[in-house]
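Trainee: Attaching a predicted model along with its sequence, questions to come.
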Amino acid sequence: MKPGEIDARRAARLAAVQALYQMEISGSSTTDAIADFDTGKLPRPDGDVLVGDIEGDMDLFRTLVEKAVDRQLTLDRAIARHLSKGWKLERLDAVARAILRAGAAELEQRADIPVAVVIDEYVEIAKGFFDGPEPGFVNATLDACAKDLRAPL
């Protein structure tokens, strides 16, 4: 894979997390989120700085957002099964929910991308939003979800 492809996927993943968060908070639609990404309204990553000039992988972004919404019940169940006893998905921070839903959608829908890559990418996204234990929580939860969402090779 070329470095530009990695950057495009990274941009798509971050934008998908932002879109899922925005959709949950504002009630906007999948169509609105895809249009925002397509027109460059969602920020794109460049290291630790967000800029608007890196093109994202539109196919990956569309898959993540559409499937995270269309398959939300299934994905949420997979995530919830791996939360600590007494914790509910609704109790998590909205950003953490968006990260987990995007990651779970990618695990389920994109078997061509290795599990370790998917998990690592969402852990890195979590590090951009959280300074505490959340990246480790994202790592453990997505790793456990992978066993439910990916068929063994």
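Mentor: Now that the structure is in, tell me what you want to look at.
Trainee: and the gap between the residue nearest to Gln109 when sequence neighbours are not counted and Phe130?
Mentor: Closest residue to Gln109 apart from its sequence neighbours, by Cβ to Cβ, 6 or more residues apart in numbering: Lys67 at 5.0 Å. C-beta coordinates here come from the backbone N, C-alpha and C atoms, glycine included. Using Cβ to Cβ, to the nearest Å, we find Lys67 at a distance of 24 Å from Phe130.
Trainee: what helix or strand does the residue lying closest to Ser29 once chain neighbours are set aside sit in?
Mentor: Excluding the flanking residues, the one nearest Ser29 by Cβ to Cβ, 6+ apart is Met23, at 7.2 Å. Secondary structure assignment for Met23, by DSSP states H and E: helix 3-26.
Trainee: go on, Thr31?
Mentor: Assigned by DSSP H and E, Thr31 falls in helix 30-38.
Trainee: Buried by neighbour count: which residues of that helix qualify?
Mentor: The neighbour-count check on helix 30-38 (16 or more other Cβ atoms under 10 Å) flags 30, 33-34, 36-37 as buried.
Trainee: Among these, which one lies nearest to Thr74?
Mentor: Checking those against Thr74 with Cβ to Cβ, the nearest one is Thr30 at 16.5 Å.
Trainee: how close does the spatially closest residue to the closest one that is not a sequence neighbour sit to Glu24?
Mentor: Closest residue in space to Thr30, ignoring its immediate chain neighbours: Val69 at 5.3 Å, by Cβ to Cβ, 6+ apart. Separation of Val69 from Glu24 (Cβ to Cβ): 10 Å.
Trainee: Looking at those two, which is more packed in?
Mentor: Val69 (17 against 14; other Cβ atoms under 10 Å).
Trainee: need the contact list for that one.
Mentor: The contact partners of Val69, taken as Cβ atoms under 8 Å, 6 or more residues apart in numbering, are 20, 23, 30.
Trainee: Reformat those residues as CSV; add distance to Ala8 and pLDDT.
Mentor: Converted to CSV, these look like this (distance: Cβ to Cβ, whole Å; pLDDT from 0 to 100):
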residue, distance to Ala8, pLDDT
Leu20, 19, 95
Met23, 22, 92
Thr30, 20, 89
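Trainee: of the residues you listed, closest to Ala144?
Mentor: Using Cβ to Cβ, Leu20 comes nearest to Ala144 of the contacts of Val69, at 20.0 Å.
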